[in-house]
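1. Compute the structure for the input listed below.
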Amino acid sequence: MKRILSVGKIRSLLRERSRVLESAGYRVSTATSAEQALLLLAAEPYEAVVIGHAVRAASRHRIAAEAKSRTPGIRVVMLHAGSISETELADAVIASDSHSHLLETLRTLEDLRAGRAARKSG
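-> Residues are numbered from 1 along each chain as shown. I've put the predicted structure just below:
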């Protein structure tokens, strides 16, 4: 996985997430709204979309559905600080904004995509 779209409402968290992802070797584009995310998804291909916890449920669903529709095999990771619903389109849901946990999840999804690991639930 090299190209990631990171979506979030809180700009400081979005900047920090981008910094961490870029330092791990990912190329990151950012969006602060569903509309902006959809424009970026239409403009170029991504291997993954990371959706921050402050993005509203309807927007999370819209972004995830559009990403999966446009790019078969794209991975969608949803971050959340509390309870979250509407996760059927997510490949992973992380109950924390821990950057190390995000990187670990993205690496696991990359391994799954490459067929190097078996998908585990739980």
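
2. Go through the helix or strand harbouring R62 and flag the buried ones.
-> R62 is part of helix 57-70, with elements assigned from DSSP states H and E. Buried residues in helix 57-70, counted by 16 or more other C-beta atoms under 10 Å: S59, R60, H61, R62, I63, A64, E66, A67, K68. Every C-beta, even on glycine, is put in place using the N, C-alpha and C of the backbone.

3. Could I get the average pLDDT for that helix?
-> Helix 57-70 carries an average pLDDT of 93.

4. cool, stretch 73-85 as well?
-> Stretch 73-85 shows an average pLDDT of 75 in the prediction.

5. cool, stretch 43-51 as well?
-> pLDDT averaged over stretch 43-51 gives 94.

6. Do you have the strands of the chain handy? List them.
-> 3-7, 27-31, 48-51, 75-79, 92-94 (DSSP state E).

7. related to what we said a few turns ago, farthest-separated two in the buried residues of helix 57-70?
-> Maximum pairwise distance among these (C-beta to C-beta): 14.9 Å, between S59 and K68.

8. sorry, back to before: out of the strands of the chain, deepest packed?
-> strand 48-51 (a mean of 27; mean count of other C-beta atoms under 10 Å).

9. what does that one contact?
-> 1, 3-8, 17, 21, 37, 41, 60, 63-64, 67, 74-79, 102, 106, 109 (C-beta atoms under 8 Å, 6 or more residues apart in numbering).
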